[in-house]
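Novice: What shape does this take:
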Amino acid sequence: MNDTAIEMILNLRNEFYFGEDSPLIPDENGNFTRPVNFRKRYYRILKAAGIETKGLHSLRHTFATNLVNGIKQPDGTIKSLTPRQVADLLGHTTSEITEMYYVKRDLTKLNGITDGFEM
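Specialist: The predicted model follows:
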């Protein structure tokens, strides 16, 4: 897990902590949250944030897409992972699965990337 994910887990633990063996997202008694209640909470969070309602699995797709498309750096380069690296993170056996079903390419980040190259 990356630092952001760990920080978010620690924040959740500070808010709702029922002991070391308790679930990450417990119900009000420290027990496992029923899936239907977890989904309801998730949808309320999306609505409050003004985000279109999507299923939980869409988070996995967004995560994979963002890792492959990367982040444009101040110097114009793009920091990203290869489809193979993302496939490994997701537990896919091949990068083709990741590219076919998970990644939506964002070619707008490539605008201007070749500026300054002499031909």
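
Novice: This protein: strands as residue ranges?
Specialist: 71-72, 78-79 (DSSP state E).

Novice: which stretch in these is the model least sure about?
Specialist: With a mean of 84, strand 71-72 has the lowest mean pLDDT of the strands of the chain.

Novice: okay, the strands of the chain in a markdown table with mean neighbour count and distance to residue 60 next?
Specialist: C-beta here means a position set from N, CA and C on the backbone, and glycine is covered the same way. Listed next are these as a markdown table, based on neighbours: other C-beta atoms under 10 Å; distance: least, C-beta to C-beta, whole Å:
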| stretch | mean neighbour count | distance to residue 60 |
| --- | --- | --- |
| strand 71-72 | 14 | 19 |
| strand 78-79 | 10 | 21 |
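
Novice: how about JSON lines for the ones you listed, with distance to residue 65 added?
Specialist: Output for the strands of the chain, formatted as JSON lines (distance: least, C-beta to C-beta, whole Å):
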{"stretch": "strand 71-72", "distance to residue 65": "12"}
{"stretch": "strand 78-79", "distance to residue 65": "14"}
